[in-house]
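> Here's my sequence, what's the structure:
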Amino acid sequence: MLKVYPNRFEDEFIKKFNKDYWEYSWNVIRNADLFVNGKVDVFGIECSLFELLDNIDPTTGAKWPQKHYKEYSFQAGAAPADVKFVWEYMKHYFLVDAGKAYRLTKDDKYLINSKAFIEKWLDQTDDWIGVSWIGHVHICQRMISWFFWLDLTNGSSLLSESFYKKVNEYIRKQEKLLIDEYENPRNNHKLVSLVTICLCHAYFGRMNEADIWFKRLEETTAQLIYKDGGFAEQSTSYHRLCVEALLILGLTMECNGLEAPDFVLKAIERSLNYFAALLTPKGHLPILGDNSNEVLIHRPDDFWETEYLFQLASTLGITVKSLHEVDPEAFFYLGSFKEVDKPFADSGAFSFPDTGHYVLKEGKDYAFIRAGEFGLYYSESTRSGHPHSHCDQLGLILHLGGLEVLTDPGTYRYNENNFERKMMKDESYHSTFLVDDTHQGIYTSSFSYAGTFDGSGQIEDDSIIAELELGGIKATRKVNLAQGACTVVDEYQVLDGKEHQLQLFFCLSPRFTPLKLTPERVILQHIGTMRYLAIEHDSDVRPEVLVGYVSREYNRSMPNQRLVFKLPLTKDTKISFNFHYVPKKD
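Numbers count the residues shown, from 1 in each chain. Okay, here's the model as predicted:
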């Protein structure tokens, strides 16, 4: 049996854990009880487990057709619904909850019900038929959920040899698909697939045959995780997914008496150094690019929480920042916690030139700008690909006094509605600009662009200076923080001598709303603290207010508002914006 995490779950540990971290245990048991009662949570929707087993989509009630996995098409209008909903269920995270609940309570009902579900799943899963065989990363998430469950339930007399034999046969079939198609995915799917293949070699005792897969994983890791720690796909969510995969591989190898490869440890370390620099005043990663609640380490905490990553990494000898507060998820699996004193700069300027990300921090003030490669190219000649990046070059994410002012829209849905998909990826939903109708990339499908533009950036004198040239215009944005305020200076240089129309957007946090707009000043009010924030500007244009929404997590939208400044560009133009709090709206 594959030992995934070090904890042996002795009685004394469980007793103390349930007492000290009762909220975590309560959430796990609540989710496990939901599963025992025949229901599961799918992106915030409480769904019938049995209807999902029968391939009924939880959002439309339509039944997914059962055909060979290569015959499906998931573009908008070509499928019964957004396939992400059935895929989310097919990751079998609820088995992890059931396994945890079994350890926390010693109640056999969690094991009995999860074993019965696995047997039903195996009985009705035909080889290569159905959407469960599609999407390499989703197959891997299901396999790793099973590895977790098998580890958590190991030693029970209720699990027979014949049961393990059927489970292993199914794992081998999925492993074969990943091996046969390992070259097909080019992005996070490939990295997670290769990690899962390596885990299968450890699970089946074939590590003497794994060298070629570790070599391929090393090449893919170097391609996706840059030397500065950033991620080629321009998505903090999918970056974290890949770090989770590498952490699971490293921990599993050590738990099974194997040595974690040096390239795995180094990729984790440089990623966590990058994460630590990007953390907002709330201690979360900023939303950047696509996110769809993709994880390998299923937990009941906030989706954007990151502390567990640093604590799991510390077990592998990787310490990036101080660790003083126990993260229950990491503690549950590790069985121990060791405090670490390693100060990481909370203030200053952070530059990631390989990735094109730049951050300024001053106490509770925070500014982030993206200015680099558009994303992961599949073709240099057509500048196409980039499955998880958005048109947000020179886009600004801003926190002042600990409050989020300018945000990223996130991702609402993937496949069901092209209008929503394009909206969330468009410049007008980010704090950047649009010249005429020249977009930073031409949207060609849910996961691809063509004809994209790259930006460039640098940190100079504690200011971010970012540049982007497109549509006959060269834009330069300079951002700096100063004692609770942020100054943004935009310069637009006309390169082709023609007249252009500029639209300059600011995507507001859902908690800020405009109260007063003039050609010199905008007053925003924060809902909750009732603080007022002024945006002094010299555009001589009264901005318009556009409505929209942001989506912190998949299928969860919140309304927000955006400001747009519209002005003609007939000559080189410079516009300044000063964000700062004021005592009252007048």
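> got the contact list for the worst-scoring helix or strand of the chain on mean pLDDT?
Every helix and strand in the chain was compared by mean pLDDT, DSSP states H and E; the lowest is strand 377-379, with a mean of 80. In this structure, residues lying in contact with strand 377-379 by Cβ atoms under 8 Å, 6 or more residues apart in numbering are 186, 383-386, 448. Where C-beta positions appear, they are placed from N, C-alpha and C, glycine not excepted.
> from the residues you listed, which would you call buried?
Taking 16 or more other Cβ atoms under 10 Å as the criterion, what is buried in the contacts of strand 377-379 is 186, 383-386.
> got a list of what Lys3 touches?
So Lys3 contacts 151, 252, 255-256 (Cβ under 8 Å, 6+ apart).
> Quick check: the two most widely separated of the buried ones among the contacts of strand 377-379?
Arg186 and Arg383 (15.1 Å; Cβ to Cβ).
> Output the below-cut-off pLDDT ranges for the stretch 251-400 of the chain.
Within the stretch 251-400 of the chain, no stretch has pLDDT under 70.
> Strands along that one, start to end?
Using DSSP state E, counting those that start in this stretch, the strands of the stretch 251-400 of the chain run over residues 348-352, 357-362, 365-370, 377-379, 384-385, 396-400.
> Kindly list the longest strand within this protein.
Using DSSP state E, we find that the single longest strand of the chain is strand 556-569.
> For whichever helix or strand comes after that one, buried residues please.
Downstream of strand 556-569, the next assigned helix or strand under DSSP states H and E is strand 573-582. By 16+ other Cβ under 10 Å, the buried positions in strand 573-582 come out as 573, 575, 577-581.
> what residue lies at the spatial centre of the chain?
Ser237 (1.3 Å; Cα atoms, centre = their mean).
> about what we covered before: if we only consider the contacts of Lys3, which is nearest to Glu362?
Using Cβ to Cβ, those come closest to Glu362 at Thr252, 40.4 Å.
> if I pick the closest one, what's in contact with it?
Applying Cβ under 8 Å, 6+ apart, the residues near Thr252 are 2-4, 199, 202.
> quick one: low-confidence ranges for the chain?
Using pLDDT under 70, the flagged stretches of the chain are 416, 585-586.
> what's the spacing between the residue of it positioned farthest from its centre and His526?
Among residues of the chain, the one most distant from the C-alpha centroid is Gly497; the distance is 41.6 Å, by Cα atoms, centre = their mean. Going from Gly497 to His526 by Cβ to Cβ, to the nearest Å gives 43 Å.
> swap in Ile45?
31 Å.
> Neighbour count for the two, which is higher?
His526 (19 against 12; other Cβ atoms under 10 Å).
> before we move on, the earlier item: quick check, nearest of the buried residues of strand 573-582 to Arg521?
Nearest member of the buried residues of strand 573-582 to Arg521, counting by Cβ to Cβ, is Asn578, at 9.6 Å.
> OK, contacts around the residue nearest to the closest one when sequence neighbours are not counted?
Nearest non-adjacent residue to Asn578, counting by Cβ to Cβ, 6 or more residues apart in numbering: Glu536, 4.4 Å away. Residues in contact with Glu536, defined by Cβ under 8 Å, 6+ apart, are 520-521, 577-578, 580.
> which SS class is Glu536?
Per DSSP: H, G, I helix; E, B strand; the rest coil, the local secondary structure of Glu536 is strand.
> measure the nearest residue to Gly348 once chain neighbours are set aside to Ile397 for me?
Computed as Cβ to Cβ, 6+ apart, the closest residue to Gly348 that is not its neighbour in sequence is Lys361, at 6.2 Å. The spacing between Lys361 and Ile397, counted by Cβ to Cβ, is 12 Å.
> Of the two, give the one with the bigger neighbour count.
Ile397 (25 against 22).
> Which residues are in contact with the nearest residue in space to the more buried one that is not next to it in sequence?
In this structure, Ile397 finds its nearest non-sequential neighbour in Phe368, 4.2 Å apart by Cβ to Cβ, 6+ apart. Neighbouring residues of Phe368 by Cβ under 8 Å, 6+ apart: 278, 286, 288, 357-360, 396-398.
> Tell me the bridge partners for Phe368.
Val359, Ile397 (DSSP bridges).
> Please enumerate the helices of the stretch 351-500 of the chain.
Taking DSSP state H, counting those that start in this stretch, the helices of the stretch 351-500 of the chain run over residues 418-425.
> what about the helices in the stretch 1-150 of the chain?
11-20, 22-36, 49-53, 84-90, 93-105, 108-124, 136-152.
> okay, now Glu161: neighbour count?
Applying other Cβ under 10 Å, I find that Glu161 has 6 neighbouring residues.
> surely Ala232 meets Gly385?
No - if you go by Cβ atoms under 8 Å, Ala232 and Gly385 don't touch, sitting 10.2 Å apart.
> how distant is the helix or strand hosting Glu218 from the center of its chain?
Counting by DSSP H and E, the element that carries Glu218 is helix 211-224. In terms of Cα atoms, centre = their mean, to the nearest Å, the gap separating the centre of helix 211-224 from the centre of its chain is 22 Å.
> And the contacts of that helix?
182, 187-188, 190-191, 194-195, 197-198, 201, 231-233, 242, 246, 261, 263-264, 267, 376.
> Also stretch 503-511?
396, 403-409, 427-435, 490, 514, 524, 526-528, 535, 539, 548, 550, 558-567, 575.
> Could you turn the buried ones of those residues into a ChimeraX selection?
In ChimeraX, this line selects whichever of those come out buried by 16+ other Cβ under 10 Å:
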select :396,403,404,405,406,407,408,409,427,428,429,430,431,432,433,434,435,490,514,524,526,535,539,548,550,560,561,562,563,564,565,567,575
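> before we move on, the earlier item: can you work out which residues contact both of Ala232 and Gly385?
Joint contacts of Ala232 and Gly385 (Cβ under 8 Å, 6+ apart) are 375-376.
> Buried subset of the contacts of Lys3, written for ChimeraX?
Per 16+ other Cβ under 10 Å, the buried members of the contacts of Lys3 correspond to this ChimeraX selection:
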select :151,252,255
